[in-house]
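>>> task: produce atomic coordinates for the following.
(one chain, ligands or ions: 1)
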Amino acid sequence: MILTISNATSPATDLGFLLHKHPDKLQSIDLAVGRAHVFYPECSEERTTVALMLDIDPIDMVRGGGRNLQGRSFSLGQYVNDRPYVVSSFMSVALSKAFSTAMNGKCAKKPELVDQKLALKVEIDVLPAPRGGESLIRQFLEPLGYQVEVEQHMLDEKFPQWGSSKHFSVTLTQEVKLSELLTHLYVLIPALDNDKHYYVSQDEVDKLLARGQDWLPEHPAKDKIVSRYLKNLKSLSRQANRLLAPELEDQESHEAMPEPAVVKERKANLHRQRLELAVKKLCESGASSVIDLGCGEGKLVRMLLKKGQFSKIGAMDISYSELGKAKERLHWDDMAPRQKERIDLFQGSLMYRDKRLAGFDAAALIEVIEHLEEDRLQAFVRVLFEYARPGTVVLSTPNVEYNSLFENLQEGILRHDDHRFEWSRKQFESWANKVCQNHNYRVEFFTVGEVHHEVGAPSQMGVFTRGD
Ligand code: SAH
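Predicted coordinates for the structure are as follows:
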């Protein structure tokens, strides 16, 4: 299958610079299930067209097994399917591999081109759009400013009685930046196709966030795009929608809503106490480098910066919008270079082993683990306690027993709708002790906030120290 992008803004040959692909060369890229070829069917000052052609190997696809073709509903579905002939998520992968620099909005040779809007036209031969068809294609693309032409194909022209297929030829025209156009295609092609060839996982949320963060939050069909992109996996779409929300709720208003000013103030105080205790424990550990995992808007980072003891401060979060807030609150753009050098702020997920997490003396996770799926906590435990292995880990989480004292929190309801679980003191302690046993750490427990004689304190903290 083939996808072409034409530029009609003179000199149209600039397209070659932007894509980092020379018009005179045929270039090929290996993919997991075949090859992608990039070439230019036409190249002149007036009009230049690049073609991305996918040559999918159906045998490779079958070797990929159920994983590549999950959801095929009949036994020969593995062999008889439209995948080699349509623009699908394979095309997204090819786009991101072939044109990654352009998609990231970079052009070393002619940087001024990156922000220039070009008269671009995309032609997609066969795009599947089940459960929605033409109106879905328009619903997804027109709000982004594209002029959309759609032609629906018959199932088989020889047998008109069989009716129409779910396949369309689509032409999109707009004056738009190339990087924007590429990210639109990257997200919307699989969302329209709605049939992913690889597993939908946490990783997919990260990619969607990275590619959609600039335009998806305001898109009127955001929810539908997200859920189709994530193949209707409810928990992942909920998470992505939350992370893409233009205005995230204040981290301090974690607990039940709505709430009077006095309750808000109490919670703000509670959070301050957590952070202050974390800073105290980190200082006591003697660490000179520390990483704040799930740093949110960077409150702890700002407090750590004030302590000269920490020469290196890492901060990671999965949410770009939180990291943006953190930069704003740190006055990142005006920060003195010497301060800036101490900080390393980056996006990442706690569910994946990541070299950037290694080498720190200490790590902090303040009210973070309850945001992870409980049945996947083990992955996080290995990432932190087995691979990164900081000398000290300061970790806090709510104490669910205390919820009964929150007046406007119904029984059985968690404090924040993004919490996946909340633990009693016993549950937290037994989890922490097991982590220590398995990974050679020891742990000491502390309370955060006012301690009630029966239910304990609102929040609990474990300070883990590496054994060796
Ligand atoms: N530690 C901060 C924020 C706590 S809220 C504070 O105390 O103020 C929880 C944070 O964890 C959010 O910013 C959320 O984006 C982040 N988070 C959730 N899942 C994550 C994951 N898998 N990897 C990294 N961060 C994650």
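
>>> let me see the contact set for His371.
For His371, the contact set (C-beta atoms under 8 Å, 6 or more residues apart in numbering) comprises 294, 418-420. Where C-beta positions appear, they are placed from N, C-alpha and C, glycine not excepted.

>>> and it, its phi and psi?
Dihedral pair for His371: phi -90, psi -10, per degrees, to the nearest 10.

>>> ok, Gly133 next?
The main-chain torsion angles of Gly133 are listed as degrees, to the nearest 10 and equal phi 50, psi -140.

>>> same thing with the one 5 residues further on?
Reported as degrees, to the nearest 10, the phi and psi values for Arg138 are phi -70, psi -40.

>>> partner residues bridging the closest residue to it other than its chain neighbours?
Closest residue to Arg138 apart from its sequence neighbours, by C-beta to C-beta, 6 or more residues apart in numbering: Val148 at 5.5 Å. Beta-bridge pairing of Val148 under DSSP bridges involves Leu172.

>>> lowest pLDDT pick from the contacts of His371?
Note: of these, the lowest pLDDT belongs to Asp418, at 75.

>>> that one and the ligand: what is the separation?
Distance, Asp418 to the ligand, using C-beta to the nearest ligand atom, to the nearest Å: 8 Å.

>>> what is the burial count for that residue?
Residues near Asp418, counting by other C-beta atoms under 10 Å, number 15.

>>> re earlier: look at the residue nearest to Arg138 and report its pLDDT.
pLDDT at Val148 comes out at 95.

>>> for it, give me its contacts.
137-138, 141-142, 170-172.

>>> list the contacts of the residue nearest the centre of the chain.
Closest to where the C-alpha atoms of the chain average out (C-alpha atoms, centre = their mean) is Asp206, at 1.8 Å. For Asp206, the contacting residues are 318, 347, 349, by C-beta under 8 Å, 6+ apart.

>>> likewise for Met103?
Contact analysis of Met103 by C-beta under 8 Å, 6+ apart lists 95-96, 179, 182-183, 186, 211.

>>> could I get the full set of strands for the stretch 351-468 of the chain?
Shown for the stretch 351-468 of the chain, the strands assigned by DSSP state E, counting those that start in this stretch span residues 362-366, 392-398, 441-448, 459-466.

>>> count residues in the vicinity of Ala363, would you?
Ala363: 26 surrounding residues under other C-beta under 10 Å.

>>> isn't it right up against Tyr387?
No. Applying C-beta atoms under 8 Å as the test, Ala363 and Tyr387 come out as separate, 11.8 Å apart.

>>> quickly list what's touching both of those two.
Residues touching both Ala363 and Tyr387 (C-beta under 8 Å, 6+ apart) are Leu357.

>>> how about the strands in the stretch 201-350 of the chain?
Remark: strands assigned in the stretch 201-350 of the chain by DSSP E, counting those that start in this stretch are 289-293, 312-317, 343-347.

>>> using CSV, write out every CA atom in the second one.
What follows is strand 312-317, C-alpha atoms only, in CSV (Å, rounded to 0.1, in the frame of the first residue of the first chain):
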residue,chain,number,x,y,z
LYS,A,312,22.2,16.3,41.0
ILE,A,313,18.4,16.2,41.0
GLY,A,314,16.5,14.0,38.6
ALA,A,315,12.7,14.3,38.0
MET,A,316,10.6,12.0,36.0
ASP,A,317,6.9,11.9,35.2
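
>>> give me the contact list for that strand.
288-296, 298, 301, 304-305, 323, 326, 342-348, 350, 356-357, 360.

>>> show me what from the stretch 351-468 of the chain comes close to the ligand.
351, 366-368, 371-372 (C-beta under 6 Å from any ligand atom).

>>> among these, who's most crowded?
Highest neighbour count within those: Ile366, with 25 neighbours (other C-beta under 10 Å).

>>> how many neighbouring residues does the spatially closest residue to Glu149 that is not a sequence neighbour have?
Using C-beta to C-beta, 6+ apart and skipping the chain neighbours, the partner closest in space to Glu149 is Thr171 (4.2 Å). Thr171: 15 surrounding residues under other C-beta under 10 Å.

>>> is Thr171 in contact with Lys121, as I believe?
Yes. Taking contacts as C-beta under 8 Å, Thr171 lies within contact range of Lys121: 6.7 Å.

>>> farthest from the middle of this protein: give me that residue.
Distance from the centre of the chain peaks at Lys158, with 44.9 Å (C-alpha atoms, centre = their mean).

>>> just to be sure, that residue is in a helix?
No. Assigned with DSSP: H, G, I helix; E, B strand; the rest coil, Lys158 falls outside any helix and is coil.

>>> among the contacts of His371, which one has the most neighbours?
Comparing these by number of neighbours (other C-beta under 10 Å), Gly294 comes first, having 22 neighbours.

>>> contacts only, for the residue nearest to that one when sequence neighbours are not counted.
Of all residues not flanking Gly294 in the chain, Val368 sits nearest, at 3.3 Å (C-beta to C-beta, 6+ apart). Val368 makes contacts with 293-294, 350, 395, 397, as judged by C-beta under 8 Å, 6+ apart.

>>> got the contact list for Leu3?
Residues near Leu3 by C-beta under 8 Å, 6+ apart: 51-52, 87, 91, 95, 122-125, 185.
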